[in-house]
Structures are given as C-alpha cells and as structure tokens.
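**Student:** Please work out how this folds:
(2 chains)
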Amino acid sequence: MENAENKLSSTAVIKIDRGALQEAQYDLPQSYGKTESYLLPKDPSWMFLFWDIIQNTFDFVKKEYGADIFAKARSIIRVHDITAIADFNGSNSNSYFDIQVFLDAGSWYINVPQGGKNYICDIGLLTPQGSFILLTRSNAISIPSGKISDIIDEKWMLVEGEYQKLIQMSGADTFGPNASGGASEKLQRYFTQKWNMFGFNGMPSSRVLSSFSLADDYNSNADEDIWLQADCELIVYGQTSKNAKIISKEQSIQSNCDGAFYMRLPLPKGEVSIPIRAQHITNEEKTRSITIKVLREE
Amino acid sequence: MPQTGYLSLVLHAHLPFIRHPEYPDFLEEDWFFEAMTETYLPLLDIYEKLSAEGVDFRLTMSLTPPLCAMMSDNMLINRFRSYLNQRIELSDKELSRTKDTEFYHVARMYSEKFKRYRNLFEDYYRGSILNGFKKFQESGKLEIITCCATHGFLPLQVHKESVRAQIKTAAEDYRRKFDRSPRGIWLAECAFNPGDDKFLKEQGIRFFFMESHGVMHGKPRPKYGVYAPVYTPSGVAAFARDMESAQQVWSAQSGYPGDSNYREFYRDLGYDLDYDYIKPYLHSDGVRRNIAMKYHRITGKVPLNQKQPYYPQDARKKAAEHAGNFMFNRQKQIEYLANIITDRKPLVVSMYDAELYGHWWYEGIDFLEFLFKKIHYDQQEIKLITPMEYLAENPINQVVEPSMSSWGDKGYNEVWLNSGNDWIYRHLVKAAERMIELAERFPNAQGVLRRALNQAARELMLMQSSDWAFLMTVGTAKEYSTKRTKDHIKRFNAIYDMINGNRIDEGYIWDLEQKDNIFPEIDYGVYSVKETAETLKS
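**Tutor:** Here you go, the predicted model:
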C-alpha cells in the first residue's frame, strides 16, 4: 500500500506562503469572555457539554458565598431530564443526577440513562449543606430514542408478523447502542466511502473518552430503603515535548500546544494497563514510553 | 410478470469548497478535477448515450452548493482544463510507449475517454457542466436536488437561525443556478434533527432522504418500514435508505467493486513511470502521487507489484454481469415486499455517494449504464422512479416524526463529535451566535459594512462544512481540514472585531471576497431571529 501511504502524507500546501504560515500560527481564542455552556447530542446514550466560566463569575460567587466556597463545595454538572417540561426553572425537572467534574476540564461527555428524552445541564457548586449554586445553564436538547417506537397509529398498521419482516429487512435493529452488532463488519459502514475514494484507506476510529455517570434517579421516595451506586474512572495526564505526539493503544491522544495531555478512561474491575507513548512528529523512530498499571478491586 | 414496485436511485455528488487562488498549484483541488474526469462527465456521457438510444431512465442527484460553485468558477474551470489537457497529452504519449505491450488497450482507453470528456465539456456544454445536468433535469429523467449550503451538519447546530441559513441559502443558490426551486434536498450526511423539516417546508422543498433507522425509529411506527416515504409533521416527505441494495455495492467482502477484473485504485502511473517522464504531470513540488491513470486490475489479494494488466473489455463485461445481478436482486426483493405491502407498490431507495461511481469504482459508470438499459429493455417487474413521481402516484402517506439520525458510523453524530474534533464546536457555536447578533444589530447595512457582514456569513458557513470534522475523525487530510476550520474561524472573528470596532479594513474584506467567494449573492439577513421564529411557529 505504498501509494496510499504516500498520498496520506501529502500536505495541503505546495508552495509555502509566509502570510499563510503566520495566519496558521496564532491560535484560536481560549475564551470568548462570557460564562456559558452548550449541550450537543451525540447518540441515544451520550451527549457532549462544553463550557466557559470567566473570572468575573468566580469572583462574584466568592463574594456572595465566601472566598473558600470553591474549596468547600464540589463542582458538579447537574443533568436534568426535562422531557415534556416547557418552562424549566432549575427545580421542576422530572429527575436529575449529578456528575462531579473539574471546572477546568471545559467539556464532558455525559452518559444518559435513557434515550428519547430531553435534557438540560446546570453547571454549579454543591455545598456541603447540599444546596446548589448555579454557574451556568446549557441549552436544552433532545436525545434520540435509538429504538423502534411503541406508538402505533391504528390507521397505519400491518399485521405484527408481517411488520417484523419489514423491520428485519430495513436493518434498523443494527443501529444504536442496543444494536445486535455485526452491521459494521458486514457493511464496512458506508460513510467512509467518499474519503476512501480519494485514496485514503483508514476507517474512522471512535476514541471518545468518557465519563460513566451515576445514572440514577435522585427523586426517589423517602420511605424506600436506601441505595448506593458507585463507579469510578481514571484520569491520566502528563506532558511531552511540543514536537511529539502522544499515542495510547494505537490511538493518538490530543495534546495542547504546550504538549500537555490528559485522558479520562473508564476503569472496569480488574487490572488495566495503560501504555503511553510519545513519538516524534516526523521521526517515528524517536519514542519515549511509560506504562501505567492500575488495579481496581471491590 | 406485471410491475410489482419501484426502485429509486439517488446519487449524492459533493465535494467541500476547495479553491485556492493564492497558490498557483494546490493539491486538494485535484479532488475536484478527478471527480470531474472520472465521475461527473462520465455520468453525463452515459445520460447522453442512453437518451440517444431512447432508454427511459430515472435518477435523482444532489449537486451540493459548494460543488455547483466550483463547477461554475472560472479559475477552477481553467485549472481543470489544463489538468485535462495534461492528461490527454500524457495519454497520447502513452500510446506510443505502450505499443505492442499488454498495456496498449488500457492506454488507448484513457486517450479516447479523456478526449471524449473534453469534447463533451467544451463543445456540448460550452465549458459549463451544470448545463449538462440542467438539460437532463428539463427532460424529466434527472431530478437535481440541493443540499445544506456548505454541507453543514444540522443536528450539531445549536442556533436554529444557523440551520435555517444553511437551508435558505442553498435553496436560493439552487434557484439562481437551475432557474426553478428545488423540490428535494439531501441533508448533509443524511443528518436529521426533528423539527428542522420546517425550514425545508419554508423553502417549498417537498422531500429529503434519511438513513433507514431515522424513519424506522420514528414516531409512530412507520407502517411500510423504509419501503414508502413518510410525511414529517410539517408535511415534507422523508425517503429512507434501503440497506440491502446498499450492501450489494458497499460490502467489504462481497461488494461488486472488489471484483478481480476491475481496475486497481492504488496502483497508479504516478508511481510506476520513469521519474523524468512523469515529472511534468506531477504537482510543482515534484513529489510522486496518484495521477488517476491506472493500468492494473485488482487481480486478487496480492501485493501491488503483482497486480496484473487491466483489460477494459473484461471489466466492462463484469460490470454488465453485476448490473444484471443487482437488477435480479431488486426484482426478488420487491416481489417479496409486494407480498407484505399489498395496498401500494413498494419503493426501494438506493443511495450512494456519486463519486463512488467512476472515481473509486471505476467501472461503476458502466454498471449504471447497463443497469438502466436492462431495466428498460429486459423486464417489467420493477420501474425506476423519482421521489416526486412516487409522491404523485401516492399522495397520501403516513405522518411520522423521524428520529435524529445520520448515515455516519453508528448512525448518529459521533463521527462529527468525538474527542478528535469536539474542540471546533466552541468556536462554531460562538460564531453562529455572533452572526445572529450582527444580523440583529444591522438590519439594513449598506456599503462596506454590508460586504463585511456578507463575508462573515460566508466564513461562518464555510467553517460549518461537515467535511472538516469528518476528515479530522478519519485522520486523512487532517492537517488541511484543521487549517481550513481555523482559517474560517479566524477570518470570521477578525471581521466581527472590525465591525465592533467600527474600523472595517476594506482591503481585508476584498481579499476574503476573492478567496472565499462562494455564494456571491448571499444575504446575511438570512440569520434573522424574527423570520426563524416565525418559521418555527408555523
């Protein structure tokens, strides 16, 4: 596949233009000077929240709640299910759950308990007394259900057995988180088509590092027995030279302009080995490796 | 056998807007030249042939606004001319070099084809390939549909004004180019977000296409599965993709394009020929790359250096065989469906990237030609149909709210939203918010302010192209797609700061108008909050 690789390494610019290079060098704004957050849907199980909290907001909260409020309180994302609620006011959601976060992270992938619902996220502080201080509220989004609807229109019905045949033919059960699997191997997913065509052979790699939230309903009945659920995840971080890229388990990990990187990983029971390799961006021979081993016991 | 059902073929023709007047020679512009030479002109060539023979065919094609802009751009067309002329010159030289070798037939094929396409382009269509497509649209055989203005991925756009701008700008561009309103649209990546159909309705668009589970997971359950359109709550028809016919072409194991007689994509003359001989046909940096002339067939699972010579006649024979197989399978599929769906004729919608045909699967063009002929001459069971014709025959359809979906890996938004590209959304969302704010603040701008606002709208739309996030995910042309995203964000922010500081640099705006010249007649007023709210209320 020598040809393909050569094409892969081709650069965009044939003749280097000084002005263009300068333009590429100054980076994008780190902040747009406003405290805000936005929520995007990813699939029936996941959504993506990103935020920016500016200094004024920190100062204001400290002034209102005490200079040590950020040390005392936990910073959380409160994920509200607001399905069928038109005027959400922060406390009238169907249910919610909290995810503890570092405000510096700036973004988070959130695992949602149920598809087919509407969600909104509040980012704020949970005080030791249990009160919530709102820093920013996101937009509301709908998450797809990822399954065939139970709602049947009586005027538009087929006999159930016949309908099952149509479902099978449509391949609709091969999509989404509950997919029976095999569809991707079978079809090699069409979407890589176009770019494969232009001489590129790689399949997309899904390498989303994500959090597994406590996906439970907080609004449970006070009379019921108590419950507990806990999970944990792993944060790996470090820094490398600016002229190196970070690779872990065959996947490249995004690093900042100063070479700093971090990964959030699920941490299942048992031993997990996380190989981290820095590789020179042009000379693949030059590498440095560290492997971290973690044992989770319960 | 009487006619039992319908087949609707849909080709999605799209390339991102890549045009670099600031460089005399730009690698990624080749994507357009190659697609012109291997897909778009060859498709028109078979439409011409079929029409001349009296073969009645039906086809739906999206020609996206960025592609239409490139097809009608003088600079790119002139660069395409020199590209094609170079290929003709090389293929002529090749006729003498390969004389009395086993490669002579394939060298002659290229020489003849290149000349025929030049003739079609220059003499038939007078340098405007859109004229060719228009001609077949007017004859009723081809339904040309539009797409989101810059192939923006709608479910990841937070601001509805921005969604509306993608649809409205595209529809207006279509009206200018095709002298009528678009009746259909291809939502970029088939990505649908419930409610966005209102913006289609606002433009008079009657139908769009979805991935199969978008309709299958709709509410209520679609009675006919994906084998009949449904109406969204706003009354726009959604046609869903049939997976079976998709697999036949795309399957890695059993798909047609992998046949050993077909042309091998990766073995290219750009690497095979003597360096001094091939150098004039390479880019100005002199690096060996694919030049889209290939002399070998797939052969089998062997290394590139063991590929066998390509015989055009054998490959064409195989394409005819595959077309027959495809038709046979559709007949059987539709016959089976007609036993389940008894109160109307079922419809199978087969959707593909247009560039699959010709560019990647070189013989795909022959396949289509044979398929159209066989369906016309050899049988009665299935009939080709366009979505509008099907709706005319079946005006009453079930109302279903389709599910959010896309045709990307895993069926949703992950390809365009993952840790490799999620950093872009902070900027894309902000730019959209700022654009809306500008449109509110300056409802009737004139002069240079108006030009600055319109250019800001162009930069916003260009940064929204789904292609960039896609390329970051697949890791190909990652550097270029990252740079394009950043460039448009920076340009947008620079214009925004100039407008806010009341110090618009006309020279800077002029420069961007030359570089990012898509949609010359764009109106930034498309980002109106009021009009968007009215459409959503309707």
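
**Student:** quick one, domains of the chain?
**Tutor:** Because you didn't say which chain, this covers chain A. Following automatic domain parsing, chain A resolves into domains at A:36-142, A:233-296.

**Student:** wrong chain, I was asking about chain B
**Tutor:** If you go by automatic domain parsing, chain B breaks into B:5-70+B:139-263+B:313-409, B:73-127, B:266-309, B:419-537.

**Student:** next one: the first one to chain centre, how far?
**Tutor:** A distance of 9 Å separates the centroid of the chain from that of domain B:5-70+B:139-263+B:313-409, by CA atoms, centre = their mean, to the nearest Å.

**Student:** all helices of the stretch 51-200 of chain A, in order?
**Tutor:** Shown for the stretch 51-200 of chain A, the helices assigned by DSSP state H, counting those that start in this stretch span residues A:55-65, A:69-72, A:160-170, A:183-187, A:193-197.

**Student:** now for the longest strand anywhere in chain B, which elements pack on it?
**Tutor:** Longest strand in chain B, counting residues (DSSP state E): strand B:5-13. With contacts taken as 3 or more CB pairs under 8 Å, 6 or more residues apart in numbering or on different chains; DSSP states H and E, strand B:5-13 sits against strand B:59-63, helix B:312-340, strand B:347-353, strand B:382-384, helix B:387-393. Where you see a C-beta, it was placed from the backbone N, CA and C, and this is true even at glycine.

**Student:** which one of the helices of the stretch 51-200 of chain A is the most hemmed in?
**Tutor:** Among those, ranked by average contacts under mean count of other CB atoms under 10 Å in any protein chain shown, first place goes to helix A:193-197 (a mean of 21).

**Student:** Let me see the mean pLDDT of it.
**Tutor:** Across helix A:193-197, the average pLDDT comes to 42.

**Student:** after it, next one along is what?
**Tutor:** Downstream of helix A:193-197, the first helix or strand assigned by DSSP states H and E is strand A:233-239.

**Student:** Just the buried positions in that following strand, please.
**Tutor:** Neighbour-count burial for strand A:233-239 flags A:Leu234, A:Val236, A:Gly238 (criterion: 16 or more other CB atoms under 10 Å in any protein chain shown).

**Student:** Give me the below-cutoff pLDDT ranges for chain B.
**Tutor:** Within chain B, the segments meeting pLDDT under 70 span B:252-253.

**Student:** where along it do the strands fall?
**Tutor:** Under the criterion DSSP E, chain B contains strands at B:5-13, B:59-63, B:142-147, B:184-186, B:207-210, B:230-231, B:237-240, B:347-353, B:382-384.

**Student:** that older thread, could I get the domains of chain A as a markdown table with mean pLDDT and distance to chain B?
**Tutor:** Listed next are the domains of chain A as a markdown table, based on pLDDT from 0 to 100; distance: least, CB to the nearest CB, whole Å:
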| stretch | mean pLDDT | distance to chain B |
| --- | --- | --- |
| domain A:36-142 | 95 | 4 |
| domain A:233-296 | 81 | 6 |
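
**Student:** and these, which is most packed in?
**Tutor:** Mean neighbour count (mean count of other CB under 10 Å) peaks for domain A:36-142 among these, with a mean of 17.

**Student:** Which stretch among the domains of chain B is buried most, on average?
**Tutor:** Stretch with highest mean neighbour count among the domains of chain B: domain B:5-70+B:139-263+B:313-409 (a mean of 21; mean count of other CB under 10 Å).

**Student:** and A:Ile110, what is it in contact with?
**Tutor:** A:Trp46, A:Met47, A:Phe48, A:Leu49, A:Ile77, A:Val79, A:Ile99, A:Cys121, A:Ser211, A:Ser213 (CB atoms under 8 Å, 6 or more residues apart in numbering or on different chains).

**Student:** Give me the secondary structure label for the closest residue to it other than its chain neighbours.
**Tutor:** In space, and not counting its chain neighbours, A:Ile110 is closest to A:Met47: 5.1 Å by CB to CB, 6 or more residues apart in numbering or on different chains. Following DSSP: H, G, I helix; E, B strand; the rest coil, A:Met47 is assigned to strand.

**Student:** doesn't A:Leu39 make contact with A:Met47?
**Tutor:** Yes: counting by CB atoms under 8 Å, A:Leu39 is a contact partner of A:Met47 at 5.9 Å.

**Student:** Residues in a beta bridge with the residue nearest to A:Ile110, which ones?
**Tutor:** According to DSSP bridges, the partner residues bridging A:Met47 are A:Pro41, A:Ile110.

**Student:** which residues touch it?
**Tutor:** For A:Met47, the contacting residues are A:Leu39, A:Leu40, A:Pro41, A:Tyr109, A:Ile110, A:Val112, A:Tyr119, A:Ile141, A:Ile143, by CB under 8 Å, 6+ apart.

**Student:** and the fourth one, how far is that from B:Ser251?
**Tutor:** In this structure, A:Tyr109 and B:Ser251 are 32 Å apart, going by CB to CB, to the nearest Å.

**Student:** Ok, the first one next?
**Tutor:** Here A:Leu39 is placed at a distance of 37 Å from B:Ser251 (CB to CB).

**Student:** ditto for the last one
**Tutor:** Relative to B:Ser251, A:Ile143 is positioned 31 Å away (criterion: CB to CB).

**Student:** Contact residues of the stretch 301-450 of chain B facing chain A?
**Tutor:** Where the stretch 301-450 of chain B comes near chain A, counting by CB under 8 Å from any CB of the partner chain, the residues are B:304, B:333, B:337, B:340-341, B:352-353, B:355-356, B:359-360, B:398, B:403-405, B:407-415, B:417-420, B:422-423, B:425-427, B:429-430.

**Student:** Among the residues you listed, which ones are in helices?
**Tutor:** B:Gln333, B:Leu337, B:Ile340, B:Trp423, B:Tyr425, B:Arg426, B:His427, B:Val429, B:Lys430 (DSSP state H).

**Student:** Let me see the contact set for the fourth one.
**Tutor:** If I follow you right, that is B:Trp423. With contact set as CB under 8 Å, 6+ apart, B:Trp423 has these partners: A:Gln254.

**Student:** Point to the residue nearest the middle of chain A.
**Tutor:** A:Tyr109 (2.4 Å; CA atoms, centre = their mean).

**Student:** Please, where are all the strands along the stretch 1-150 of chain A?
**Tutor:** A:36-41, A:46-52, A:74-81, A:95-100, A:107-111, A:118-126, A:132-137, A:141-142 (DSSP state E, counting those that start in this stretch).

**Student:** Ok, which of those strands comes nearest B:Ala69?
**Tutor:** Of all those, strand A:36-41 sits nearest to B:Ala69, with 28.2 Å by CB to CB.

**Student:** could you give the angle of the closest one to strand A:132-137?
**Tutor:** Relative orientation of strand A:36-41 and strand A:132-137, computed by axes from the mean of the first three to the mean of the last three CA atoms, to 10 degrees: 80 degrees.
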